[in-house]
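Novice: could you work out the structure for the sequence below:
(one chain, ligands or ions: 2)
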Amino acid sequence: MATANHNLSHYDKNTVPNAKDFRFGIVVSEWNDTVTNGLLKGAQEALIDCGALPENIITWGVPGSFELIYGSKKMIEQTVDAVIAIGCVIQGETKHFDFVCEGVTHGIKALNLNSDTPVIFCVLTDNTMQQSLDRSGGKHGNKGTEAGIAAIKMAELRGR
Ligand SMILES: Nc1c(NC[C@H](O)[C@H](O)[C@H](O)CO)[nH]c(=O)[nH]c1=O
Ligand SMILES: CC(=O)[C@@H](O)COP(=O)(O)O
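Specialist: Ligands and ions are numbered 1, 2, ... in the order given. Okay, here's the model as predicted:
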């Protein structure tokens, strides 16, 4: 289902475990910070709405989405139950967009494969700034909210 047909902010609390006993790490890119700060807000609000304690949420900034890989690797060492990697990559004039998006995707996939801590992919890869604004608290909701809920569900699965 395309995002256009699904509000990213919608979730049913009855299907989300209570997050009071979990610790979360959030790594957020400074590139396109109007968007990434909106995603961060959505993620933080979702975590707290579902019981997470503010003191159990560690948040670090990194320069760009490519640095989410290393930042998430270091965050895993903070003994958290899940990491949320937040970024916004927007197509420019060159192929750099392709390499950043592919690099981040493969890097975060590798962290999920090679560590015992789930890393949630909250990286927008959009054609325009408007598409990113629409998905970080705009008309399509907030992908950060979606990522926060995913982090709680994966933290619970990790403990099974
Ligand atoms: N163009 C965008 C970037 N580019 C920067 C890279 O992510 C990286 O920081 C640089 O190549 C140094 O390693 N990053 C984004 O997050 N979003 C963009 O649109
Ligand atoms: C994703 C990027 O790195 C990109 O926004 C940079 O823009 P450009 O391709 O015009 O250099």
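
Novice: C-alpha only now, for contacts and for neighbours.
Specialist: Fine.

Novice: buried set for stretch 53-72?
Specialist: 53, 56-57, 62, 64-72 (16 or more other Cα atoms under 10 Å).

Novice: filter those residues down to just the ones in strands.
Specialist: 57, 62 (DSSP state E).

Novice: now render the buried residues of stretch 53-72 as CSV, adding pLDDT and distance to ligand 2.
Specialist: CSV is the format used below for those (pLDDT from 0 to 100; distance: Cα to the nearest ligand atom, whole Å):
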residue, pLDDT, distance to ligand 2
53, 98, 34
56, 98, 32
57, 98, 28
62, 98, 15
64, 98, 9
65, 98, 9
66, 98, 9
67, 98, 12
68, 98, 14
69, 98, 16
70, 98, 18
71, 99, 18
72, 98, 19
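
Novice: farthest-separated two in the buried residues of stretch 53-72?
Specialist: Distance extremes for these: the farthest pair is 53 and 66 at 28.7 Å, using Cα to Cα.

Novice: send me the longest helix along the chain as PDB with only the CA atoms.
Specialist: Criterion DSSP state H: the longest helix present in the chain is helix 96-114. C-alpha atoms of helix 96-114 as PDB (Å, rounded to 0.1, in the frame of the first residue of the first chain):
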ATOM      1  CA  HIS A  96      24.900  11.000  -5.000                       C
ATOM      2  CA  PHE A  97      21.300  10.400  -3.900                       C
ATOM      3  CA  ASP A  98      21.400   6.800  -5.100                       C
ATOM      4  CA  PHE A  99      24.700   6.100  -3.400                       C
ATOM      5  CA  VAL A 100      23.700   7.600  -0.100                       C
ATOM      6  CA  CYS A 101      20.300   5.800  -0.100                       C
ATOM      7  CA  GLU A 102      21.800   2.500  -1.000                       C
ATOM      8  CA  GLY A 103      24.700   2.800   1.400                       C
ATOM      9  CA  VAL A 104      22.400   3.700   4.400                       C
ATOM     10  CA  THR A 105      20.000   0.900   3.500                       C
ATOM     11  CA  HIS A 106      22.700  -1.700   3.300                       C
ATOM     12  CA  GLY A 107      24.500  -0.400   6.300                       C
ATOM     13  CA  ILE A 108      21.400  -0.500   8.500                       C
ATOM     14  CA  LYS A 109      20.500  -3.900   7.100                       C
ATOM     15  CA  ALA A 110      24.000  -5.200   8.100                       C
ATOM     16  CA  LEU A 111      23.600  -3.900  11.600                       C
ATOM     17  CA  ASN A 112      20.300  -5.800  12.000                       C
ATOM     18  CA  LEU A 113      22.000  -8.900  10.700                       C
ATOM     19  CA  ASN A 114      25.200  -8.700  12.700                       C
END
